[in-house]
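K.L.:
predicted model follows, preceded by the sequence.
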Amino acid sequence: MREKPKSKAALAREKFLRSNVKKQKAEKNENSSQSHTFNENNDQELVSDRTVPRHGDHGEETGTMDNSIVPGNRMFAEVLGEEILLVMREDQLNLFGQTFRPIFCGLVSEVTNGFITLDPVIIKMTNAPFHRFPTPLSFPMEQISTFTPFDCGRQIPLS
Amino acid sequence: MHDNMVSPTINQIRRQVVCDAFMEGVGHRTFIMTAEFPFVFIGVIVRVVGDYVYVETETTSIAALDGNVFRIHIDDITVFYIENGGPEIPVIC
């Protein structure tokens, strides 16, 4: 185990955030009688309903208002567990000499109040539109331009 | 950091949560993509100060820059991944 400075409260809050969104999603699925499978690598302990202290490592209050997804991020919580096509704000990204538009497709495995995670995720490069990335990828919400529910097997022209 | 008299905007909340994720990832390897040169950073998170993350890079798009500790503006980060028990970021030599 690696020694690292971290706040147990902050870690517990983060876990609570994720488990709370999963609970909300599970309730929604029960109501609409659909079933989704969630791709989660780390074990999810369900934290109790008590309020977790909202203090960051530096002792100041963090930006999250409460321990669930704020209403302004509702559109992301709605697609948890679904495949989406995601486009970021930048014109171009560059991966070791390969330039591409930031168009990604994948399954939403995690939603927080600041970023979403796609796992597994495909980068829609022009010469390799189904290139699967070896790791999950997280996308800050402030950098997201648009997204839509999307079947990642679909072919679309990119140029 | 936040004025408690006025509730933070959704934008501030989102940015703060991303900063929190990097703070909790101190000591872990990370993969970061930005739109600005040098576009890709692979390395260990050293510390977070405000909205800058210090990354001791083992790999960037330029071999000559490997080993530098880049202070990356978190607002500029377009894509990231922090190793935390999940799949490992490949080591690129």
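P.N.:
Ah, there it is. Numbers count the residues shown, from 1 in each chain, chains lettered A, B, ... in the order given.
K.L.:
where does the chain dip in pLDDT?
P.N.:
As the question left the chain open, I've gone with chain A. The model of chain A has pLDDT under 70 over residues A:1-67.
K.L.:
right idea, wrong chain: chain B
P.N.:
By pLDDT under 70, the low-scoring segments of chain B are B:1-5, B:93.
K.L.:
show me where it has strands.
P.N.:
For chain B, the strands defined by DSSP state E occupy B:29-34, B:40-49, B:52-60, B:69-73, B:77-82.
K.L.:
angle of the helix or strand where residue A:87 lies against strand B:29-34?
P.N.:
In the assignment (DSSP states H and E), residue A:87 maps to strand A:83-88. Interaxial angle of strand A:83-88 relative to strand B:29-34 (axes from the mean of the first three to the mean of the last three Cα atoms, to 10 degrees): 60 degrees.
K.L.:
pull up the pairing partners for strand A:83-88, direction included.
P.N.:
Strand A:83-88 has the following sheet partners, assigned by DSSP bridges: strand A:103-111 (antiparallel), strand A:144-149 (antiparallel).
K.L.:
for those strands, which one sits closest to residue A:75?
P.N.:
Minimum separation from residue A:75 across the strands paired with strand A:83-88 (Cβ to Cβ) falls at strand A:144-149, 8.4 Å. From N, CA and C alone the C-beta is placed, and that goes for glycine too.
K.L.:
what pairs with residue A:87 across the strands?
P.N.:
Residue A:87 forms beta bridges with residue A:103, residue A:146, as assigned by DSSP bridges.
K.L.:
from memory it sits against residue A:150, does it?
P.N.:
No - using Cβ atoms under 8 Å, residue A:87 is not in contact with residue A:150; the gap is 10.7 Å.
K.L.:
residues in contact with the residue most central in space within chain B?
P.N.:
Nearest to the geometric centre of chain B sits residue B:53, at 5.2 Å (Cα atoms, centre = their mean). By Cβ atoms under 8 Å, 6 or more residues apart in numbering or on different chains, the residues touching residue B:53 are B:19, B:22, B:45, B:47, B:71-72, B:74, B:77.
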